[in-house]
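Enquirer: Requesting a structural model of the entry that follows:
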Amino acid sequence: MRVLLDTVTFIWAVSSPERLSRRAIAALRSDAAVRELSSVSISEIAIKQARGKLMLGKDDVIAGLADLRVRVLPYTADHALCLFDLPLHHPDPFDRQIIAQAIRENIPVVTCDEKFGLYKEVTVLW
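Expert: Next comes the predicted model:
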């Protein structure tokens, strides 16, 4: 089963795993799960780190991807086109892009963000 990690889930998995729910931990530890992180999340982390809002750096992201055995899901034109039809339940542009990816790829999102659940096409694991 494929799962898409939200940015905050990846950050917590790397820096504060005690903040993760049991279901999130199970998804991260499952040998059957194919864990994916959006390339959008890497951009979000880089931008927040550059602005001083996040202490997670490039080396931490690279190590986290390897340690958690997470593959990066590229953001495509098909994902972006989904945004035209996406209701404005969630105002954050990074999260909206992740939601669009989850819809187009038909994969659940591991997130604590309750706004993801407002999209009927998105399955949330938390």
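
Enquirer: Just the residues contacting the helix or strand of the chain with the lowest mean pLDDT, thanks.
Expert: The helix or strand of the chain with the lowest confidence, counting by mean pLDDT, DSSP states H and E, is helix 22-29 at a mean of 94. Contacting residues not belonging to helix 22-29 are listed as 3, 5, 9, 13, 17, 20, 33, 35, 68, 110, 112, 125-126 [C-beta atoms under 8 Å, 6 or more residues apart in numbering]. To be clear about C-beta, it is placed using only N, CA and C from the backbone, and glycine gets the same treatment.

Enquirer: cutoff 7 Å now
Expert: 3, 9, 13, 33, 35, 68, 110, 125-126 (C-beta atoms under 7 Å, 6 or more residues apart in numbering).

Enquirer: angle of the very next helix or strand once past that helix against helix 22-29?
Expert: Per DSSP states H and E, helix 22-29 leads on to strand 34-38 as the next helix or strand towards the C-terminus. With axes from the mean of the first three to the mean of the last three C-alpha atoms, to 10 degrees defining the directions, strand 34-38 sits at 100 degrees from helix 22-29.
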